[in-house]
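Participant: Any chance you can model this:
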Amino acid sequence: MPQTKHPSHEPLVLTRDALARLPARPANAHKGQFGHVLVVGGDRGTGGAGLLSAEAALRCGAGL
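Facilitator: Below is the predicted model of the structure:
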């Protein structure tokens, strides 16, 4: 039986090479121009995880 419920994974690291491939955003760009986030989750009375995910996305700068 495993010692933990969840398997351990190596952390995802964004390398300089990967960063160089990302397109640069214009200085006057608005967050609504670069995609949106949709959080689907929870059930009646158990929407806490979905609420936390949505709030985290907003605080990180995601558009609506």
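Participant: pLDDT score assigned to the one residue sitting closest to the centre of the chain?
Facilitator: Nearest residue to the geometric centre of the chain (Cα atoms, centre = their mean): A57, 6.0 Å. At A57 the predicted local confidence, pLDDT, stands at 87.
Participant: which parts of the host helix or strand of it are buried?
Facilitator: Of the helices and strands defined by DSSP states H and E, A57 is found in helix 48-59. For helix 48-59, the neighbour count (16 or more other Cβ atoms under 10 Å) marks A54, A57 as buried. Every residue, glycine included, has its C-beta placed from N, CA and C.
Participant: Dump the C-alpha coordinates for that helix into CSV.
Facilitator: Below are the C-alpha coordinates for helix 48-59, written out as CSV (Å, rounded to 0.1, in the frame of the first residue of the first chain):
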residue,chain,number,x,y,z
GLY,A,48,-15.8,25.6,-2.1
ALA,A,49,-13.0,24.2,-4.4
GLY,A,50,-14.6,25.9,-7.4
LEU,A,51,-14.9,29.2,-5.6
LEU,A,52,-11.2,29.0,-4.5
SER,A,53,-10.1,28.2,-8.0
ALA,A,54,-12.1,31.0,-9.5
GLU,A,55,-10.8,33.5,-7.0
ALA,A,56,-7.2,32.4,-7.5
ALA,A,57,-7.7,32.8,-11.3
LEU,A,58,-9.0,36.4,-10.8
ARG,A,59,-6.2,37.3,-8.5
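Participant: Make sure the residue nearest to the centre of the chain is actually in contact with V39.
Facilitator: Yes. Judged on Cβ atoms under 8 Å, A57 makes contact with V39 at a distance of 6.9 Å.
Participant: Mind checking the pLDDT average for stretch 28-40?
Facilitator: 81.
Participant: so how far is it from its chain's centroid?
Facilitator: The chain centre lies 12 Å from the centre of stretch 28-40; the measure is Cα atoms, centre = their mean, to the nearest Å.
Participant: mind checking the end-to-end distance for it?
Facilitator: Counting by Cα to Cα, to the nearest Å, the length from the leading to the trailing residue of stretch 28-40 is 31 Å.
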